[in-house]
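Colleague: give me a 3D structure for the following:
(chains A and B)
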Amino acid sequence: MRDPAVFYITTAIDYPNSRPHIGTAFEKIGADVQARFQRMEGRSVHFLMGNDENTIKVSQRAEELGVEPQAYVDDMARQFQDVWKALEISNDDFIQTSQERHHLGCRKFIQAVYDAGHIDKRAYTGLYCTGCEAFKTDKEIADGKCPNHPNLALKEIAEENYFFRLTDFSDRLLAHYEANPDFIQPESRRNEIISLVKEGLYDVSISRKGFTWGIRVPFDDDQTIYVWFDALLNYITAIGYGTDEERFNRLWPADVHVIGKDITRFHCALWPAMLMAAGLPLPKRIFGHGFVYNKGAKISKSAGTAIDPMEVFRIHGADPFRYYFMKECPFGGDGNYSDERFAEVYNADFANNLGNLYSRTLSMCVRYFGGTLEGAGSIDPTAWRSGLDLDRLVAELRTLIGNFSYSAALLKIWLEILDCFNRYIQSTEPFKLIKTDPEATKVVLVNLAEAMRVVAILIKPFLPSTAETFYRSFNFGDARAWSDVGYADIPNRPTIANLTVTAPLKDGKPTPLFPKIELNPTAVDV
RNA sequence: GGCUGCGUAGCUCAGUUGGUUAGAGCAGCGGUCUCAUAAUCCGCAGGUCUCCGGUUCGAGUCCGGACGCAGCUACCA
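Modeller: Below is the predicted model of the structure:
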């Protein structure tokens, strides 16, 4: 039995044919929020990401560029990781499927499945383009021709390939879905997969002949392992399958595979069947997230004013970017991006609300008390949240985040915590109170500082930088290190005698964290 | 063509096993405050829940159909 404190989470590995785009980023952010949250809950998290490099397209692309495939994929892997780092993705590992650990694990796996009798050799018939020197799938064919070589006729060629007997696992798969209702999420995806399997699966071709880039089939040197059979295995080869069994047993099975809704079938049908064939345990959960559509940008692109969503975080920072997608696009469903919508959300939720709370709180502490609230430790800091059932709220948030309901969680934090925070200031009016009763004002400000601390913890999984900035704006870290703080710390203020503003100030005022986006006045049609 | 999902306020979405006047945020409008990034706070307005039919004492919620949108249909998140 695996240690229940371990939490192993993965994302889909990406094709390095092009740079990371908004869809891939959406997935990584969603998985990252979960990873960060689980760490805060005290789990020993292992968060894996990677690139899918054993495809024909990689070798073709490398050839076009005149570089070695390995050099090409290494460069792309570096570029991907640069982006993930800029988005504050906290993955613990990044696998490239061209790495030796993956090759060794794949060969061991396919051999095990072969030995167990689930793989056999059959004729594969497909349309072959002599120009590309490759088989073409239906999708790659336009009007019966290869789009790259429209003058050449496609040839129907039969080739001996290895097939995985997926069909044999239909009943066991259905039984597993039945026994484990949470295996596939959200619910709609689960229904789709069940009906897919009920309609009948096909045995799948898992090898190809005559390629040099890729993983050799151990029991047949002429063949390389083909796409999905190789790609899915990254989840186990990355953690030591075939190279470090002790580590593998410590981490497997995965707690959740975070994937796009388009590849649920591979993860929910093929992958479990492969694991069954090899006698390995199945992952506990597979979450198929939705897609982000880029409607607004498409429209404004023609006007030449579009900002590539992937540039947004370079302009406004990773946190507003992360917030936008986690709040505006329900993770299990689809969402949209547009420059206008981004600006609206940013201004309303970041500039006017979150960032402004930071400014007004710190500025009053500095202005009225020189930045130090003496004797804060003996002041009750719960008045700001009177009328709010914080314990209940935190419990709800934990459930929501654990279920990937990020947009609902963020909505709740803004609506119930931040609004409560603002209303407390409004009702106590410390800016008036200071003229008549400095002691009472101090009590209010100690409460505001405490609200800052609570907000910092609540937003930590979503907005790591902002959360840290909030927490470090007072000297809370002297009593409880930021890196250790989790939702369990929310009810317990660390014991600090004097609260001090430690945030950087300029002319006695904090620098606005999120300067408003000035909206271009919309052109008026006359 | 087949399968799946969706269609609720100007925009983005909540609406639990059908049950009282359909909810929220943003945008809009009016007022208020001045600590703060002209932010906050209070209030107002805004919906024949795509359409047609059915089941029911009662339907946004269930059933059938129409229209529209999206995804998948076996190697693109």
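Colleague: CA atoms for contacts and neighbours, from now on please.
Modeller: Will do.
Colleague: now A:T125: phi and psi?
Modeller: phi -110, psi 130 (degrees, to the nearest 10).
Colleague: wait, it sits on A:I157?
Modeller: Yes: contact criterion Cα atoms under 8 Å: A:T125 and A:I157 qualify, at 5.6 Å.
Colleague: how about the residue of the stretch 201-350 of chain A found nearest RNA strand B: what's its closest non-neighbour residue?
Modeller: Residue nearest to RNA strand B within the stretch 201-350 of chain A (Cα to the nearest atom of the strand): A:L201, separated by 3.6 Å. For A:L201, ignoring the flanking residues on the chain, the nearest one in space by Cα to Cα, 6 or more residues apart in numbering is A:T167 at 5.4 Å.
Colleague: show me which positions of the helix or strand A:A395 falls within end up buried.
Modeller: In this structure, A:A395 sits in helix A:390-402 according to DSSP states H and E. Under the neighbour-count criterion of 16 or more other Cα atoms under 10 Å, helix A:390-402 has A:390, A:393-394, A:397-398, A:400-401 buried.
Colleague: just the helices in the stretch 51-200 of chain A please.
Modeller: Per DSSP state H, counting those that start in this stretch, the stretch 51-200 of chain A carries helices over the ranges A:56-65, A:69-86, A:100-115, A:170-179, A:187-199.
Colleague: could you give the angle of the longest one to helix A:56-65?
Modeller: Put plainly, it is helix A:69-86. 100 degrees (axes from the mean of the first three to the mean of the last three Cα atoms, to 10 degrees).
Colleague: name the residues that touch helix A:69-86?
Modeller: Here helix A:69-86 makes contact (Cα atoms under 8 Å, 6 or more residues apart in numbering) with A:16, A:19-20, A:25, A:28, A:50-51, A:53, A:58-59, A:62-63, A:96, A:98, A:213, A:318.
Colleague: quick one: closest of the helices of the stretch 51-200 of chain A to RNA strand B.
Modeller: Taking the helices of the stretch 51-200 of chain A one by one with Cα to the nearest atom of the strand, helix A:187-199 is closest: 5.2 Å.
Colleague: tell me the SS of the residue in the stretch 301-450 of chain A positioned nearest to RNA strand B?
Modeller: Nearest residue of the stretch 301-450 of chain A to RNA strand B: A:G355, at 2.9 Å (Cα to the nearest atom of the strand). Following DSSP: H, G, I helix; E, B strand; the rest coil, A:G355 is assigned to helix.
Colleague: relative to A:P512, how far out is it?
Modeller: Plainly put, A:G355 is 7 Å away from A:P512 if you go by Cα to Cα, to the nearest Å.
Colleague: and the two? Which one has more around it.
Modeller: Set side by side, A:G355 and A:P512 show more neighbours around A:G355, with 21 against 13, by other Cα atoms under 10 Å.
Colleague: what residues does the stretch 301-450 of chain A have near RNA strand B?
Modeller: A:328-330, A:333-336, A:341, A:344-345, A:347-361, A:363-364, A:415, A:419-420, A:422-423, A:425-426, A:431-432 (Cα under 7 Å from any atom of the strand).
Colleague: just the buried members of the residues you listed?
Modeller: Here, 16+ other Cα under 10 Å leaves A:328-330, A:335-336, A:345, A:347, A:349-351, A:353-361, A:363-364, A:420, A:422, A:425 buried among those.
Colleague: among the residues you listed, which are in helices?
Modeller: A:328, A:345, A:356-361, A:363-364, A:420, A:422, A:425 (DSSP state H).
Colleague: centroid-wise, who is the farthest residue in chain A?
Modeller: Distance from the C-alpha centroid of chain A, by Cα atoms, centre = their mean, peaks at A:T436 (50.6 Å).
Colleague: any stretches of chain A with poor pLDDT?
Modeller: Chain A contains residues with pLDDT under 70 at A:129-152, A:294-309, A:519-526.
Colleague: give me the number of residues near the residue of chain A found nearest RNA strand B?
Modeller: Nearest to RNA strand B, among the residues of chain A, is A:G23, at 2.5 Å (Cα to the nearest atom of the strand). A:G23 has 15 neighbouring residues, counting by other Cα under 10 Å.
Colleague: name the nearest residue to it, sequence neighbours excluded.
Modeller: A:V292 (5.9 Å).
Colleague: do you know how far the one you found is from A:K516?
Modeller: 24 Å.
Colleague: more neighbours: which of the two?
Modeller: Each of A:V292 and A:K516 has its neighbours counted (other Cα under 10 Å); A:V292 has more, 22 against 16.
Colleague: A:P272 is in contact with A:F183, correct?
Modeller: No: if you go by Cα under 8 Å, A:F183 and A:P272 don't touch, sitting 10.5 Å apart.
Colleague: and whatever helix or strand A:R367 lives in, how far from the chain's centre?
Modeller: Assigned by DSSP H and E, A:R367 belongs to helix A:356-369. The chain centre lies 34 Å from the centre of helix A:356-369; the measure is Cα atoms, centre = their mean, to the nearest Å.
Colleague: what's it packed up against?
Modeller: strand A:372-373, helix A:438-459, strand A:509-510 (3 or more Cα pairs under 8 Å, 6 or more residues apart in numbering; DSSP states H and E).
Colleague: which residues are contacting the next helix or strand after the longest one?
Modeller: So the one you mean is helix A:438-459. Tracing the chain C-terminally past helix A:438-459 and defining elements by DSSP H and E, one meets helix A:464-471 next. Residues outside helix A:464-471 that contact it (Cα under 8 Å, 6+ apart): A:88, A:319, A:358, A:452-453, A:455-457, A:459-460, A:477, A:482, A:503.
Colleague: around RNA strand B, which positions in the stretch 1-150 of chain A sit nearby?
Modeller: Residues of the stretch 1-150 of chain A lying near RNA strand B (Cα under 7 Å from any atom of the strand): A:11-15, A:22-27, A:55, A:137-139.
Colleague: for the residue nearest to A:D319 when sequence neighbours are not counted, list the residues it contacts.
Modeller: Nearest residue to A:D319, sequence neighbours excluded (Cα to Cα, 6+ apart): A:L463, at 5.1 Å. If you count contacts by Cα under 8 Å, 6+ apart, A:L463 has them with A:319-320, A:322-323.
Colleague: mutual contacts of A:T125 and A:I157, please.
Modeller: Contacts common to A:T125 and A:I157, judged by Cα under 8 Å, 6+ apart, are absent.
Colleague: hang on, A:P510 packs against A:A503?
Modeller: Yes: the pair A:P510 and A:A503 qualifies as a contact (Cα under 8 Å) at a distance of 7.2 Å.
Colleague: start to end distance for stretch A:359-379?
Modeller: 22 Å.
Colleague: before we move on, what about stretch A:505-515?
Modeller: Using Cα to Cα, the two ends of stretch A:505-515 sit 16 Å apart.
Colleague: now stretch A:281-288
Modeller: Stretch A:281-288: ends 20 Å apart by Cα to Cα.
Colleague: buried residues, that stretch. List them.
Modeller: A:282-288.
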